[in-house]
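A.B. asks: no sequence on this one, just coordinates:
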């Protein structure tokens, strides 16, 4: 097909829809209607005389042809984006935007960010607290901090290990003084359990403690660790917190660690399109956060 006849709008729409494998999310990213996304995809498939998506009930999945085209398009659009940014030049202000998991942002990064500001007062930091993967395109974050239970790499980006996650049981001194005594792991069940996202982690903790969590030990479930931290600090129950999140609260006496048991739950990773191509402010942030984690 001649370059002058390339359906650029349809190809751009397909790249977003294929990358997300979701027409609704593609419409949101492109600021168009879902119907417009569907129409562009149908027109491209008609032009190619080839199905690019397998339509299922309330979901779409790339066909082999669609996956082949997506790999080329995503790489091409990323390279175009990098070239345009280089031509436009770096922003004059010293600034860096970080996309961080909400729990990590609230429980670890924000409390320690003044340390970075003290060392580099000339750099403005923007924290985008969002659990979704960032694409590192124009106007987005330059660095991401992501948690994964098993993954250590993601398509089209580079990743560096930041910190292992070890979950420990914590509670306030006041709760332990006024509530039922805790001398063995099973005694925790006499208190309210605070959960993050689901009740699976507490079940794993009790299994590691040679016990079992009964169905009756339910307790409230919160969307992220930041909310769990607020609940446990207010004495609303006993929580499993990431060891690095709780370390400062334990040092100050606001929380007490219950037992030496800690269960692994994946790791946090620094993610960037290319660490070698980071701006100086972003490179300084990466250097600071890795040294700060290692020093803990």
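C.D. replies: It's in. Computed from a prediction, not measured in an experiment: that's the story for all the values here.

A.B. asks: distance from the chain centre to whichever strand or helix holds residue 65, please.
C.D. replies: Assigned by DSSP states H and E, residue 65 belongs to helix 64-88. Chain-centre distance of helix 64-88: 23 Å, with Cα atoms, centre = their mean, to the nearest Å.

A.B. asks: which strands or helices does that helix pack on?
C.D. replies: Identification of packing neighbours for helix 64-88 by 3 or more Cβ pairs under 8 Å, 6 or more residues apart in numbering; DSSP states H and E yields helix 8-20. To be clear about C-beta, it is placed using only N, CA and C from the backbone, and glycine gets the same treatment.

A.B. asks: relative to the whole chain's centre, how far out is the helix it packs on?
C.D. replies: Centre to centre, stretch against its chain (Cα atoms, centre = their mean), the figure for helix 8-20 is 24 Å.

A.B. asks: and if you look at stretch 79-89?
C.D. replies: On Cα atoms, centre = their mean, the centre of stretch 79-89 falls 26 Å from the chain's centre.

A.B. asks: and stretch 16-34, by the same measure?
C.D. replies: 20 Å.

A.B. asks: what's the closest non-adjacent residue to residue 271?
C.D. replies: residue 144 (4.2 Å; Cβ to Cβ, 6 or more residues apart in numbering).

A.B. asks: okay, and the beta partners of the one you found?
C.D. replies: Assessed by DSSP bridges, residue 144 has beta-bridge partners residue 99, residue 271.

A.B. asks: list the residues that contact it.
C.D. replies: Applying Cβ atoms under 8 Å, 6 or more residues apart in numbering to residue 144 gives the contacts 98, 99, 100, 133, 134, 136, 270, 271, 272.

A.B. asks: swap in 10 Å and give it another go.
C.D. replies: 97-101, 128, 130, 132-136, 154, 157, 159, 269-273 (Cβ atoms under 10 Å, 6 or more residues apart in numbering).

A.B. asks: over to residue 263?
C.D. replies: Residue 263 neighbours (Cβ under 10 Å, 6+ apart): 165-169, 201-202, 204-209, 240.

A.B. asks: export the residues you listed as a markdown table, with columns for pLDDT and secondary structure.
C.D. replies: Compiled in a markdown table, these are given as follows (pLDDT from 0 to 100; DSSP: H, G, I helix; E, B strand; the rest coil):
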| residue | pLDDT | secondary structure |
| --- | --- | --- |
| 165 | 96 | strand |
| 166 | 96 | strand |
| 167 | 97 | strand |
| 168 | 97 | strand |
| 169 | 97 | strand |
| 201 | 93 | helix |
| 202 | 93 | helix |
| 204 | 92 | helix |
| 205 | 94 | helix |
| 206 | 92 | helix |
| 207 | 91 | helix |
| 208 | 93 | helix |
| 209 | 90 | coil |
| 240 | 96 | strand |
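
A.B. asks: of these, buried ones?
C.D. replies: Taking 16 or more other Cβ atoms under 10 Å as the criterion, what is buried in these is 165, 167, 168, 169, 202, 204, 205, 206, 209, 240.

A.B. asks: wait, which of these is closest to residue 119?
C.D. replies: Closest approach to residue 119 among the buried ones among the contacts of residue 263 (Cβ to Cβ): residue 165, at 26.1 Å.

A.B. asks: skipping its backbone neighbours, what lies nearest the closest one in space?
C.D. replies: residue 265 (4.4 Å).

A.B. asks: give me the element the one you found is part of.
C.D. replies: Using DSSP H and E, residue 265 falls in strand 256-272.

A.B. asks: next helix or strand past that strand?
C.D. replies: helix 280-295.

A.B. asks: give the contact list for the residue nearest to residue 11 when sequence neighbours are not counted.
C.D. replies: For residue 11, ignoring the flanking residues on the chain, the nearest one in space by Cβ to Cβ, 6+ apart is residue 73 at 6.0 Å. Counting by Cβ under 10 Å, 6+ apart, residue 73 touches 11, 12, 14, 15, 16, 18, 19.

A.B. asks: again, only using 8 Å
C.D. replies: 11, 14, 15, 18.

A.B. asks: ok, so what distance separates it from residue 135?
C.D. replies: The gap separating residue 73 from residue 135 is 13 Å, by Cβ to Cβ, to the nearest Å.

A.B. asks: do the same with residue 275
C.D. replies: For residue 275 relative to residue 135 (Cβ to Cβ), the value is 17 Å.

A.B. asks: pass me the low-pLDDT residue ranges in the stretch 151-296 of the chain, would you?
C.D. replies: Within the stretch 151-296 of the chain, the segments meeting pLDDT under 70 span 216.

A.B. asks: swap in 90 and give it another go.
C.D. replies: 151-157, 178-181, 197-199, 210-219, 273-274, 276-280, 294-296 (pLDDT under 90).
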